[in-house]
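**Q** A structural model of the following input is requested.
(one chain, ligands or ions: 1)
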Amino acid sequence: MIVKELHTFPEPNLTKHATPIEYYIDEDGCFICVSHCEDKDGYRKIYRDGKSQRLHRYTYKVRTDEEIDGKLICHCCDKPGCCNPDHCVAGDHVLNMQHRSERNRTATGEKNGSSKLTTEQVVEILEDQSSSPKRLALKYGVTAKHIREIKNGVIWKHIKRKKTVTKSKPKMAPSKPLIPGNHKLKKHWNKKEKASD
Ligand SMILES: [Zn+2]
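**A** Alright, predicted model coming up:
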């Protein structure tokens, strides 16, 4: 049996009742904590500074001395149980999503196995303003629903859409009833309808 060497994470203000963070280093250089329990998502929990928090956030904060409230701390190594501050980056949600797509956890467009269309075809579809979804569906061998989803930006979101230049409509004069008296007539009929109720 291989006994893994345990390390203690240095904490500047460790109180004597607090359990020190102990970990071993795995083959990827990840700090796998053995002293603290994990939560339902696989992150280690730790109680410090009067609150329960995720261990990787805490070790990141201790190491970098950064203010991380309201920020996401993302694992580059993809191991929620890792508390190596060098494997964590602070970022917002967008950054987290970027990491995801970089690692192809989220398949997009052509990379997505179910996609029949190429990027070029999608651009063509987006540029074609005159054909109906049904017509385009026949042309490209997909469903009309698929075309509508492309047009509405539900799928292939990453393709930049050209802003359609809408010609400014000539300003209409404030609407007047076309035939004077028509207005009155309508009112009259409305009244009549009500009366017959
Ligand atoms: Zn790691």
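
**Q** Now stretch 138-151: buried residues?
**A** Residues 140, 142, 146, 147, 149, 150, 151 are the ones in stretch 138-151 that count as buried (16 or more other C-beta atoms under 10 Å). (Glycine included, C-beta is placed from N, CA and C.)

**Q** can you tell me which of these are in strands?
**A** Assigned to strands by DSSP state E, none of the buried residues of stretch 138-151 qualify.

**Q** Would you mind giving the residues you listed as JSON lines with pLDDT and distance to residue 9 added?
**A** Putting these into JSON lines (pLDDT from 0 to 100; distance: C-beta to C-beta, whole Å) gives the following:
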{"residue": "140", "pLDDT": "88", "distance to residue 9": "56"}
{"residue": "142", "pLDDT": "87", "distance to residue 9": "53"}
{"residue": "146", "pLDDT": "91", "distance to residue 9": "51"}
{"residue": "147", "pLDDT": "92", "distance to residue 9": "55"}
{"residue": "149", "pLDDT": "91", "distance to residue 9": "48"}
{"residue": "150", "pLDDT": "91", "distance to residue 9": "50"}
{"residue": "151", "pLDDT": "91", "distance to residue 9": "52"}
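
**Q** and the chain, which residues reach the ion?
**A** Residues of the chain found near the ion (C-beta under 5 Å from the ion) are 30, 77, 79, 82, 84, 87.

**Q** Which pair of these spans the longest distance?
**A** Greatest spatial distance in these: 79 and 84, 9.1 Å, computed using C-beta to C-beta.

**Q** shared neighbours of those two, anything?
**A** Common neighbours of residue 79 and residue 84, using C-beta atoms under 8 Å, 6 or more residues apart in numbering, are residue 30.

**Q** Show the contacting residues for the spatially closest residue to residue 77 that is not a sequence neighbour.
**A** Of all residues beyond its chain neighbours, the one nearest residue 77 is residue 87 (4.4 Å), with distances taken as C-beta to C-beta, 6 or more residues apart in numbering. Contact partners of residue 87, counting by C-beta under 8 Å, 6+ apart, are 29, 30, 31, 75, 76, 77, 79.

**Q** same deal with residue 4?
**A** Contact analysis of residue 4 by C-beta under 8 Å, 6+ apart lists residue 24.

**Q** for it, helix, strand, or coil?
**A** Assigned by DSSP: H, G, I helix; E, B strand; the rest coil, the conformation of residue 4 is coil.

**Q** any idea of the pLDDT on it?
**A** Residue 4 carries a pLDDT score of 82 in this model.
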